[in-house]
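> One predicted model, sequence on top.
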Amino acid sequence: TAAAWWFGRWQFARSLGFDEREAAAAPAARSRWSLEPLLGWPSALFSDPLGALVEKEIRSLVRAPRFRLVFLMGFSFGLLIWLPLAFGRAFGPGSALAGNYLTFVSVYALLLLGEVSCYNMFGFDRAATQAYYVLPAPFRTVLAAKNVAAVFFVLAEVTAIAVVCALLRLPVSVSRLSEAYSVTAVLCVYMLAVGNLSSTHFPRAVDPAQSWRSGGVGRFQAMLLLLYPVLAAPILLAYLARYAFGSALAFYAVLGVAAASAGVVYWIATDSAVSAAEQRKERILAALGQGQGPVAA
């Protein structure tokens with residue numbers, strides 16, 4: 001509590017003396033710490049244009065206050081909000097929630113990241129999305145780059161959650177880590193399949209500097225309430241298999257089937273999204289061009 005009070009007071013004092021226009025006019029100070037090795041890995045791992053697009057996506061997301069807020073909430077607020085339920089008197093350390101705490105928090109963090117990295121992939125690009133239609137890279141490669149960047153941040157989120165759990169002496173083991181990564185990865189593929197479709201059918205411009213403003217479309221947010229149980233059903237079947245047979249092998253066998261079906265769903269959804277991106281080009285650019293953006297609509 002004392003550390004939070006000191007940090008809040010320090011940030012408030014800094015904000016009183018901060019002038020945005022003066023900071024923009026002043027030359028940027030070089031830091032001794034460089035993130036180039038962390039941000040430049042896509043170009044070394046993938047060939048262009050995929051590598052360049054993935055690197056561009058990672059660099060733009062880490063600079064967006066809206067994305068940074070959601071990412072930080074995943075391994076901070078996401079841990080704290082479920083901690084009393086998992087290890088309090090209501091359920092207890094021996095409950096299923098406590099036993100699967102790492103997986104539960106990882107899935108919760110994935111749902112938080114979905115709004116900024118899955119369901120409206122072109123929201124931060126806004127009117128600059130028109131560049132994807134004139135660049136020589138096919139639109140499928142653009143979608144693949146955004147999906148790869150989303151998977152990278154999801155895995156980084158799960159890793160951060162595991163590190164914080166280990167520091168807080170919460171139960172972390174190899175089996176729990178394997179389960180958290182596997183379940184989150186399978187659900188992430190399902191969410192990316194839905195996100196590829198929603199990004200081309202329900203696009204909306206989002207200001208990355210506005211941390212708390214909603215970037216979703218009302219009717220699509222209502223659809224998500226119906227979609228989440230459907231997307232989670234294959235994973236729930238894996239847990240039912242482990243409960244029925246009392247075996248981790250049964251759990252991973254059913255989860256493997258869920259992963260295979262997720263791959264099929266993702267492939268079909270991506271094909272449909274690419275076709276929709278070509279057929280709905282004018283409507284997509286018109287929706288993303290509303291408001292201020294990096295380029296004029």
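On my side now, so go ahead. Numbers count the residues shown, from 1 in each chain.
> gap between the closest residue to residue 269 other than its chain neighbours and residue 229?
The shortest distance from residue 269 to any non-neighbouring residue, by CB to CB, 6 or more residues apart in numbering, is to residue 193 (3.8 Å). Where you see a C-beta, it was placed from the backbone N, CA and C, and this is true even at glycine. Using CB to CB, to the nearest Å, residue 193 is found at 16 Å from residue 229.
> Helices of the stretch 101-250 of the chain, start to end?
Per DSSP state H, counting those that start in this stretch, the stretch 101-250 of the chain carries helices over the ranges 101-117, 139-167, 174-201, 218-245, 248-279.
> Quick check: mean pLDDT of the first one?
For helix 101-117, the per-residue pLDDT values average out at 88.
> Show me what it is packed up against.
Using 3 or more CB pairs under 8 Å, 6 or more residues apart in numbering; DSSP states H and E, the elements in contact with helix 101-117 are helix 65-74, helix 77-87, helix 139-167, helix 174-201.
> okay, the ones you listed in TSV with distance to residue 289 and mean pLDDT next?
TSV is the format used below for those (distance: least, CB to CB, whole Å; pLDDT from 0 to 100):
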stretch	distance to residue 289	mean pLDDT
helix 65-74	19	87
helix 77-87	33	72
helix 139-167	17	91
helix 174-201	15	91
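> Residue 244 is nearest to which of those helices?
Closest approach to residue 244 among the helices and strands packed on helix 101-117 is made by helix 174-201 (17.0 Å; CB to CB).
> Quick check: buried residues in that closest one?
176-177, 179-201 (16 or more other CB atoms under 10 Å).
> what does stretch 39-51 give?
Neighbour-count burial for stretch 39-51, counted by 16+ other CB under 10 Å, picks out 42, 43, 46, 49, 50, 51.
> Run a quick neighbour tally on residue 80.
Residue 80 is flanked by 11 other residues according to other CB atoms under 10 Å.
> Spit out the contact partners of it.
If you count contacts by CB atoms under 8 Å, 6 or more residues apart in numbering, residue 80 has none.
> Please tell me how far it sits from residue 74.
For residue 80, the distance to residue 74 (CB to CB) stands at 11 Å.
> Compile the helices and strands packed on helix 101-117 into CSV and extend it with columns for distance to residue 124.
Formatted as CSV, the helices and strands packed on helix 101-117 follow (distance: least, CB to CB, whole Å):
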stretch, distance to residue 124
helix 65-74, 8
helix 77-87, 22
helix 139-167, 10
helix 174-201, 11
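> Out of the ones you listed, flag the one nearest residue 103.
Closest approach to residue 103 among those (CB to CB): helix 174-201, 4.4 Å.
> just how off-centre is the closest one within its chain?
Counting by CA atoms, centre = their mean, to the nearest Å, helix 174-201 is centred 9 Å from the centre of its parent chain.
> what's the answer for stretch 135-146, then?
On the basis of CA atoms, centre = their mean, stretch 135-146 sits 19 Å off its chain's mean C-alpha point.
> between the buried residues of stretch 39-51, which is closest to residue 154?
Comparing those against residue 154 with CB to CB places residue 42 closest, at 15.3 Å.
> Please give the element, helix or strand, for that closest one.
According to DSSP states H and E, residue 42 maps onto helix 41-45.
> What's the per-residue pLDDT of the closest residue to residue 200 other than its chain neighbours here?
Spatially, and ignoring its direct neighbours in sequence, residue 200 is nearest to residue 276 (4.2 Å; CB to CB, 6+ apart). Residue 276 is assigned 90 on the pLDDT scale.
> what residues are up against residue 276?
For residue 276, the contact set (CB under 8 Å, 6+ apart) comprises 197, 200, 201.
> and the gap between it and residue 230?
Noted for residue 276: a distance of 20 Å to residue 230, by CB to CB.
> How about residue 2?
46 Å.
> what about the helices of the stretch 101-250 of the chain, which gets the closest to residue 132?
helix 139-167 (4.9 Å).
> Could you tell me the angle between that closest one and helix 101-117?
Counting by axes from the mean of the first three to the mean of the last three CA atoms, to 10 degrees, helix 139-167 lies at 140 degrees to helix 101-117.
> How about the contacts made by the residue lying closest to residue 280 once chain neighbours are set aside?
Spatial nearest neighbour of residue 280, excluding adjacent residues (CB to CB, 6+ apart): residue 200 at 6.4 Å. For residue 200, the contact set (CB under 8 Å, 6+ apart) comprises 273, 276, 277, 280, 284.
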